[in-house]
Every structure is written in C-alpha cells, then in structure tokens.
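Trainee: below is the structure, and that's it, no one-letter string:
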C-alpha cells in the first residue's frame with residue numbers, strides 16, 4: 001500500500017497531457033493512506049491497547065496474530081502484575097472465538113504461556129490453574145476436530161513438563177475425561193478421551209491411575225458398541241499394566257485382556273498381540289506360563305493374517321519375559337529378590353537385546369556371569385558329593401545336571417524333573433552303598449566352595465524320589481537318612497562297555513579342558529568312572545587307572561568321590577544314570593556331539609527345554625519355515641533373527657542346542673536383511689554362549705559374514721573388536737590375514753566402511769602383540785592415511801598415533817622406530833603436498849595425545865617436521881605454523897628448558913612469521929592461548945586439504 005500511495009501522489013507531476021491542471025483542483029485530490037501510517041499508530045498504543053484493538057477485529061488473520069503474540073505481550077508487561085492478569089483475562093475472552101483456527105492457534109500457545117507463568121510464579125500466582133487450565137479442559141470436548149487435537153497435545157505437554165498440580169489433575173482433568181467416556185458421549189470424543197487417559201497414566205502415577213482411571217478403563221475394554229474404543233484400550237493395555245503393577249493387573253486387567261484377545265474384530269486382537277510383552281512383564285511367572293502362553297498360542301494361530309503377523313513379531317519379546325537367573329546365567333546380588341521382584345532392571349536388560357543394531361551389551365562382565373552360572377550348576381551338585389551337614393552323600397544327587405545342562409537345572413522344574421527324564425535315562429551302573437558314623441568331619445575342600453559365597457543356591461532335589469524312580473530296590477528310604485545303614489556289595493551290572501563309554505567321553509572332552517565348564521564335566525565323569533571300577537578284587541588296578549587319567553587329562557585334583565568302607569553315608573553313582581540318555585548329554589556344555597544320525601523323536605527331544613513353554617519355542621523355531629513367509633509375513637525371518645539374542649539369553653547357553661539349527665538357517669537365508677541383522681548382533685550372542693560355543697558354532701558363521709555383501713559386512717565390522725576379544729588368542733590371530741580385505745568394498749565410494757575400519761583398528765591394537773601390529777595393522781593404517789576422503793584420513797591419523805604409542809612402549813622399541821622412519825619416508829618426504837600435510841597432522845596428533853615423550857619426539861620427528869617450513873605449498877606451511885604455535889609450544893618440555901630443540905623451533909616460527917603468505921604469517925604470529933586463534937584454526941581446517 002505504501003508503494004501504491006506514492007505512485008498516486010506522483011501521477012499529477014508526471015502527467016504531461018494538456019488541461020490537467022485545469023481539470024483537477026487541490027480539493028479534488030484523493031490521498032490514500034499508507035500502511036506506514038497504521039504502523040505508526042500501533043506504536044503509539046500500549047501492549048494492552050494493541051491486544052484489544054486486534055482482538056476485536058473482524059479479520060480472522062488479525063485474531064490469529066493476537067493468539068500468536070500473547071506470549072510476547074506477557075513478556076512486555078511482566079513487571080506489572082495487574083497488566084499480566086489483564087492479558088490472562090483477555091485470553092479467556094479470546095477462547096470464546098467462533099473461528100476454530102483462532103481457538104486452535106490459542107491452544108498451541110498455552111504450554112508456552114504456562115511455562116512463562118511458572119517461571120514468574122511470584123508475580124502471577126495461580127495463573128495457570130485459574131485462567132489456562134479451564135480452557136484446555138473445555139477444548140477437550142470442542143466440536144472441531146483440530147481444536148480437540150491441539151488441546152490433547154497441550155494437555156500431554158503440560159503433564160510431561162510437570163506444569164500441572166496434582167490436585168488439578170484429580171479435580172479438574174480426570175472428572176472431565178471420565179465424563180467424556182460416558183456411554184452417551186460422542187463416539188469420536190469418547191475414543192480420543194480413552195487415548196488421553198491411557199497416555200496420561202504413566203505421567204500421573206499409580207495412585208491416580210488406580211483410583212480414577214483404571215475403573216473406567218476396564219469398562220471401556222468391554223464397550224460392546226464401539227470397537228474403536230476397544231482397539232484403543234488394547235493398544236495401550238501394556239502401558240496401563242506397567243503403571244498399576246502386578247496385583248491390579250492380575251486381579252482387574254487380565255480378565256479384560258482375555259476378552260480383548262478373543263474379540264470378534266481382528267484389529268483389536270492385533271493390538272493385543274503387539275502389547276503382549278508389556279502385559280507379560282506385569283504378571284508373575286506362574287500366570288505367564290500357565291495362562292498367557294496358551295493365550296498367545298491362540299493369537300499365533302488366529303484366522304487373520306494380520307493378527308498372526310503381529311503375534312510372530314511379538315513372540316521373541318514375549319519369550320524373553322521368561323528369563324530367570326538359573327537359565328539366563330544372570331544372578332542378582334540381592335538374594336532376597338528374584339526375577340519377578342526386579343521387573344524394571346531385568347526387563348530393561350532384556351529389551352536391550354532387541355536394539356542389536358544400535359546398542360551393545362557389556363562384554364567384560366557378561367562372559368564371567370554366564371560362565372559362573374553354568375559352572376555353578378555343576379559345582380552345586382559336585383559339592384554335595386563330598387557330604388552334607390549330616391555327612392550322608394558322596395556323589396551328585398542329580399547326575400543329569402552334571403552331564404547335561406538341560407531342563408533339570410532350572411528352578412521352575414526342580415519339583416517335577418523326575419517326570420521329565422526320558423525312559424532311556426535308566427541307570428547302567430550300580431554303586432556300592434556304604435555307611436559310617438554321622439560325626440565324621442568334612443574334608444578341607446568342603447570347608448570352602450566358591451558356589452556358596454558367590455552364587456544364589458539352586459533348589460535341592462529330593463534324593464529319595466529320584467532314586468525310587470530308577471530303582472526302588474537298590475536304595476531303601478532308611479539308607480538315605482542319618483541312621484547308618486548296612487553296606488551292600490557292588491552291583492554286578494557294571495560292564496566293561498559302560499566303562500569304555502566313559503573313557504571315550506572323557507577323551508572327547510580333553511581338547512576343551514581350558515574351559516572351566518568342561519573341566520567340571522571331566523571331574524564328574526572321572527568320578528563316575530572311578531566309582532564303576534571300584535570292586536574288592538580290582539582295587540589295585542583301579543588306582544592305577546585313575547593316575548593315568550590324571551596324567552592324560554591334566555587334571556590336578558579329581559573330586560573326592562573315592563569309596564571307602566568307612567566313608568560316611570550311602571554312595572549312589574547317580575552319574576551313570578544319564579550315560580544312556582540322549583546322545584547330546586555332553587553337547588550342551590562342551591560342543592561335543594556324540595551322534596550323527598538322530599531319529600525324528602530324538603531330534604525333537606534334543607530341542608526340549610523347560611525355561612519357556614515348549615509350544616512357544618516350537619512356534620519360534622518354525623519362523624524359519626519357508627511356508628511362514630507365504631502365510632504370515634515375508635519378513636518373518638528377519639523378525640526371528642532380530643529377537644534371537646534375547647531368546648538365547650532367556651534359554652541360556654545350556655539350551656543353545658535348541659537354537660543352533662535355527663541360527664544356521666537364518667545365517668544362510670537368501671535375504672541379505674536377515675543376514676545383516678545377525679551380523680549386527682553376533683557379538684552379543686558370543687557373550688551369551690561363551691568362548692567354547694562361540695568357537696564351535698559362531699566362528700564359521702562369522703567367517704561367512706566376512707565374505708558377504710557390504711551391507712552384511714558392515715554389521716560384523718562395527719563390532720569386530722567386541723567379537724574378536726572373546727576368542728582365544730590363537731583363533732584371534734587368524735583374522736589378521738583377513739583385515740586387509742576390509743579395504744575392498746563393492747562400492748569404492750563407500751568411505752564410511754573404511755572410516756569404521758579405522759575406528760575398529762584403534763580398538764584392536766590392545767588385542768595383538770607389537771609384532772602383529774607392525775606386520776599386519778601397520779600397512780592398513782598407512783593405506784588409510786592416504787585415503788581420498790578427509791574423514792577417513794582424520795581417523796587414520798589417530799590410529800597411526802596410537803600405533804606409535806604402542807610400538808614405542810613395547811620391548812624392544814625397534815618396531816616404533818621403524819614405524820616413525822616409514823612415516824618420514826612415505827609422508828614427510830612425499831612428492832605430493834597432501835602426503836606432507838598428512839605427516840604434519842600425524843605429528844600434531846602425536847603431540848596432543850602424548851604418544852611419545854617430548855625428548856623422543858624432538859629426536860625422531862621434529863627435525864623432519866621443521867624442514868617443512870620451506871615447503872612450496874602454503875597449505876602445508878599454514879598447518880605447520882598452527883602445529884608449532886598452538887600445540888608444540890604448549891608442552892612443558894619447550895616452555896621450561898632452553899635446549900637446542902627449543903631454539904630450532906623458535907627460529908622456524910620466526911621464519912614463518914616472515915612468510916610471503918598472509919595466512920602463514922597470521923598463524924605463526926598469534927598467541928597460542930588466543931580465543932580468536934582457535935576459532936580461526938577451526939574455520940581454516942577445511943582449507944588445509
């Protein structure tokens with residue numbers, strides 16, 4: 001309008017036509033006002049005056065601008081309490097605007113205004129509760145959908161930022177939401193109100209949720225008229241369960257959840273499947289196993305493909321909720337708590353396994369925990385062989401927990417494990433039963449056992465029941481008590497074939513003696529062999545055989561399971577009972593498979609465990625079936641691979657045999673996304689399984705991933721250090737020859753691959769000897785220092801400096817000197833200016849990270865560095881000036897001593913100060929502590945390439 005005004009005023013002067021002046025008089029000229037005139041008028045108004053002027057405007061856009069400028073107006077008048085209250089009162093009048101866009105704009109500003117009122121609470125007391133909250137609550141039932149949405153977002157924002165008092169939530173917000181969910185309420189409003197209640201629950205806490213929200217939520221779950229309401233309830237069911245806790249979940253929510261899972265609308269059932277894990281986390285182990293498992297099986301077999309798809313995606317997370325210390329290898333420090341008592345810690349730990357591509361689990365402590373748990377299973381039984389407090393047992397009570405780490409070692413099945421043993425697990429050997437006085441003193445090795453001091457005791461097994469199941473005649477109940485019994489002669493059923501079988505099993509385990517788990521098995525098997533060979537006329541030959549076993553296997557001390565006629569308590573060789581069990585009885589702990597051809601029944605039994613319901617595990621294992629991709633989801637194999645570390649952690653390494661075949665199938669899947677998922681999580685699985693199972697089952701798959709597509713190789717590369725550090729040193733050295741292959745990629749422009757390689761090499765320096773670093777890692781590092789991409793070179797400079805530090809501190813330091821000479825030759829004297837510049841960068845990094853003592857640096861690197869002051873390329877001289885002035889001269893060595901080295905540095909700096917290039921002179925002249933200098937150094941970093 002200003003331009004139009006000026007144009008109108010200039011027209012009479014520019015007109016050259018005849019009679020213009022005669023036709024127009026001064027009184028007839030129309031003056032159009034300019035917009036600048038309105039601006040000047042607004043400037044003369046007070047903030048409240050401007051607010052009133054535009055709030056009363058008929059123009060919708062002006063009223064919208066009023067809503068947007070409310071916060072600015074409050075800031076202008078914040079010093080006057082009366083004006084602040086006046087502005088808040090005008091907000092209330094503006095809230096009655098008939099235009100929905102104005103109301104929506106106002107509601108978007110409410111959280112910001114509330115925050116301002118909170119910060120200025122002394123001058124505006126109770127401003128939010130009196131003026132703003134009623135508007136938010138009223139808009140929850142507004143006729144316009146946009147206004148309702150903005151009010152719901154504002155309410156959640158206010159709760160999240162804790163700008164709302166607890167009393168206001170109870171007295172003003174919750175009653176309105178309960179009213180909006182009444183049966184006669186509008187359908188859309190009711191659905192939105194239920195969603196808001198569910199989202200509010202985690203923010204308002206357990207007390208308000210149980211008293212005010214939970215009863216209405218249970219009613220909404222049974223809303224027969226609106227399936228949208230039931231769907232919202234099902235989608236947020238897990239959040240409500242996590243807030244109200246286990247008791248309320250089991251008493252009030254679970255019946256509703258069962259109804260929703262059998263709803264006639266597939267969308268409701270699908271929502272139930274998606275939140276199944278959260279609901280399971282809020283229940284006890286018994287309900288999870290007896291009720292929720294059967295319910296989940298129904299969802300997996302649902303007629304709707306979408307429900308089955310959601311159920312299979314939630315199957316792995318649901319299985320992870322069955323984790324407990326005895327199966328997962330994790331033990332809680334507090335012995336008074338179990339897995340149900342610590343839901344938050346355990347579940348958060350398990351959930352981390354489903355972010356395998358983003359997060360890493362701790363790799364230092366975990367292997368010890370898993371190994372300790374497996375070892376404890378054997379030590380517990382082995383400790384009981386020496387004698388209890390009454391001194392009555394000389395061999396393990398439950399041999400199956402020693403020979404196989406399977407279902408009998410778990411806490412839940414301790415009471416009924418006798419019923420779960422296969423028929424072929426009958427005893428093949430009968431042992432002598434001896435008695436002695438009950439006051440016999442225990443041996444020294446019984447006085448201390450690390451199991452009692454460091455681990456939660458495993459449940460004891462009733463010896464009488466177990467023995468009665470196998471042979472009621474062999475051991476009477478009287479012989480198991482404290483009263484001494486009558487010794488019985490050894491059973492004649494001991495055959496040479498059985499002893500030969502024991503010897504073969506021990507020989508199979510011999511290569512794995514460095515694993516404490518395997519060593520414990522060897523101890524038990526050796527004890528069983530000794531017990532089977534003890535007979536009156538064979539005593540001498542038996543002693544000779546034991547000494548040969550000790551010499552061959554390197555066992556320094558076998559368990560004290562020797563049979564003495566005066567030994568306390570009856571001797572029962574229960575170890576032999578498991579010798580005729582399924583052929584994998586030694587496999588779970590030591591990777592020694594004793595069968596090549598398993599019958600279908602035996603193969604099925606090999607995948608039986610009791611950590612989770614077997615039906616759930618069978619469904620999980622079927623996710624690799626090609627038919628599932630056609631009937632359920634084309635990416636079902638990827639979901640299986642994604643949750644496999646969590647399932648493996650839940651089952652424990654003793655049940656890895658259940659997952660081995662599935663893992664191998666996934667590793668050879670045709671879809672690279674499936675293999676990529678496994679590649680990103682293989683280091684976590686290695687921590688779970690331990691070094692023995694990793695070397696046997698994961699290393700071949702790891703080697704296959706190294707030769708896969710770049711999309712798969714990057715997963716292995718990102719966690720290369722985490723995986724290799726779990727391997728034995730000899731196995732780890734084999735990968736030195738393959739590191740060079742990471743420099744070759746399918747796409748040469750994939751520079752991030754090389755950058756990740758440089759990052760991993762920095763971590764790998766600690767895993768290899770100085771000679772290995774010099775022979776294998778040094779060529780790769782120097783190659784990366786000459787990369788075409790600057791980001792790769794930057795990381796490589798750090799790699800080379802750390803390599804210099806490691807090789808220099810090694811004994812002898814010849815490798816370090818050779819590396820420095822190679823840096824000088826290949827980079828310091830490089831014919832290309834980029835190579836000489838890289839040499840300066842390496843020297844700068846060595847100085848900053850103190851990779852070399854300054855006296856050593858002054859001898860080996862500094863003379864070659866100072867010669868670059870005469871370099872013909874200004875970029876090299878600029879970087880040299882910055883390095884000398886801002887890095888080298890900051891070191892105490894050059895500040896405190898007046899050596900010849902310091903004199904050489906000062907002369908070089910003086911020469912650079914007289915350089916013909918202005919940038920060189922600038923960086924050589926400024927003080928190193930200058931703030932502007934550091935800013936300039938950052939700004940010119942890119943120009944030095």
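Mentor: Happy to help now that I have it. Please read these numbers as outputs of a predicted model, since none were measured by experiment.
Trainee: pLDDT of the helix or strand that residue 255 is a member of, averaged?
Mentor: Here residue 255, judged by DSSP states H and E, is contained in helix 254-261. Mean pLDDT, computed over helix 254-261, is 94.
Trainee: please identify the buried residues of that helix?
Mentor: 254, 256-257, 260-261 (16 or more other C-beta atoms under 10 Å). Using the backbone N, CA and C atoms, a C-beta is placed for each residue, glycine as well.
Trainee: CSV please, covering those residues and showing distance to residue 168.
Mentor: Formatted as CSV, the buried residues of helix 254-261 follow (distance: C-beta to C-beta, whole Å):
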residue, distance to residue 168
254, 32
256, 29
257, 31
260, 32
261, 36
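Trainee: of all those, which comes closest to residue 268?
Mentor: Nearest to residue 268 among the buried residues of helix 254-261 is residue 260, at 5.6 Å by C-beta to C-beta.
Trainee: who are the neighbours in contact with that closest one?
Mentor: Residues in contact with residue 260 (C-beta atoms under 8 Å, 6 or more residues apart in numbering) are 221, 230, 233-234, 237, 268-269, 271-272.
Trainee: quick check: buried residues in the helix or strand hosting residue 666?
Mentor: Secondary structure from DSSP H and E places residue 666 in helix 656-667. For helix 656-667, a neighbour-count test (16+ other C-beta under 10 Å) marks 656-660, 662-663, 665-667 as buried.
Trainee: for those residues, give me TSV that also has distance to residue 104.
Mentor: Below are these laid out as TSV (distance: C-beta to C-beta, whole Å):
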residue	distance to residue 104
656	57
657	61
658	56
659	53
660	58
662	52
663	53
665	54
666	50
667	53
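Trainee: how about residues contacting the helix or strand that comes right after the helix holding residue 255?
Mentor: Next in sequence after helix 254-261, counting helices and strands by DSSP H and E, comes helix 266-274. Applying C-beta under 8 Å, 6+ apart, the contact partners of helix 266-274 are 227, 230-231, 234-235, 237, 257, 260-263, 296, 299, 302-304, 306-307, 310-311, 313-314.
Trainee: buried subset of those?
Mentor: Buried among those (16+ other C-beta under 10 Å): 230-231, 234-235, 237, 257, 260-261, 263, 296, 299, 302, 307, 310-311, 313-314.
Trainee: helices - which of these land there?
Mentor: Using DSSP state H, the members of the buried ones among the contacts of helix 266-274 that fall in helices are 230-231, 234-235, 237, 257, 260-261, 296, 299, 307, 310-311, 313-314.
Trainee: between all of those, which two are separated the most?
Mentor: 230 and 313 (21.0 Å).
Trainee: what is the burial count for residue 71?
Mentor: 16 (other C-beta atoms under 10 Å).
Trainee: for the one 4 residues further on, same thing?
Mentor: Look at residue 75: counted by other C-beta under 10 Å, it has 13 neighbours.
Trainee: per-residue pLDDT, it?
Mentor: Looking at residue 75, the pLDDT reads 85.
Trainee: tally of neighbours for residue 294?
Mentor: Based on other C-beta under 10 Å, the number of other residues close to residue 294 is 12.
Trainee: flag the shaky bits of this protein, pLDDT-wise.
Mentor: The chain contains residues with pLDDT under 70 at 1-44, 121-125, 325-502, 508, 511-525, 527-607, 896-899, 927-945.
Trainee: now residue 78, nearest residue through space, not along the chain?
Mentor: residue 120 (5.8 Å; C-beta to C-beta, 6 or more residues apart in numbering).
Trainee: is it true that that neighbour touches residue 79?
Mentor: No: using C-beta atoms under 8 Å, residue 120 is not in contact with residue 79, being 9.8 Å away.
Trainee: gap between the residue nearest to residue 78 and residue 295?
Mentor: As judged by C-beta to C-beta, to the nearest Å, residue 120 and residue 295 stand 53 Å apart.
Trainee: from the buried residues of helix 656-667, which single one is nearest residue 189?
Mentor: residue 666 (47.3 Å).
Trainee: that closest one contacts residue 644, correct?
Mentor: Yes: in this structure residue 666 lies within contact range of residue 644 using C-beta under 8 Å: 7.1 Å.
Trainee: identify the contacts common to those two.
Mentor: With C-beta under 8 Å, 6+ apart as the test, residue 666 and residue 644 both reach residue 678.
Trainee: between the ones in helices among the buried ones among the contacts of helix 266-274, which sits nearest residue 109?
Mentor: Closest to residue 109, out of all of those and judged by C-beta to C-beta, is residue 235, at 30.2 Å.
Trainee: for that closest one, give me its contacts.
Mentor: 271, 274-275.
Trainee: 6 Å - rerun?
Mentor: residue 271 (C-beta atoms under 6 Å, 6 or more residues apart in numbering).
Trainee: then residue 710?
Mentor: 745-746.
Trainee: and it, how far is that from residue 742?
Mentor: Taken as C-beta to C-beta, the span from residue 710 to residue 742 is 10 Å.
Trainee: try residue 869
Mentor: 37 Å.
Trainee: now the strands for the chain?
Mentor: Assigned by DSSP state E, the chain shows no strands.
Trainee: which parts of the stretch 801-945 of the chain are helices?
Mentor: Ranges of helices in the stretch 801-945 of the chain, per DSSP state H, counting those that start in this stretch, are 814-823, 833-848, 854-860, 862-866, 874-886, 892-896, 900-913, 918-925, 931-939.
Trainee: possible to save the ones you listed as JSON lines with distance to residue 159 and mean neighbour count?
Mentor: Shown next, in JSON lines, are those (distance: least, C-beta to C-beta, whole Å; neighbours: other C-beta atoms under 10 Å):
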{"stretch": "helix 814-823", "distance to residue 159": "60", "mean neighbour count": "18"}
{"stretch": "helix 833-848", "distance to residue 159": "48", "mean neighbour count": "22"}
{"stretch": "helix 854-860", "distance to residue 159": "58", "mean neighbour count": "17"}
{"stretch": "helix 862-866", "distance to residue 159": "61", "mean neighbour count": "19"}
{"stretch": "helix 874-886", "distance to residue 159": "50", "mean neighbour count": "24"}
{"stretch": "helix 892-896", "distance to residue 159": "55", "mean neighbour count": "12"}
{"stretch": "helix 900-913", "distance to residue 159": "61", "mean neighbour count": "16"}
{"stretch": "helix 918-925", "distance to residue 159": "54", "mean neighbour count": "19"}
{"stretch": "helix 931-939", "distance to residue 159": "42", "mean neighbour count": "12"}
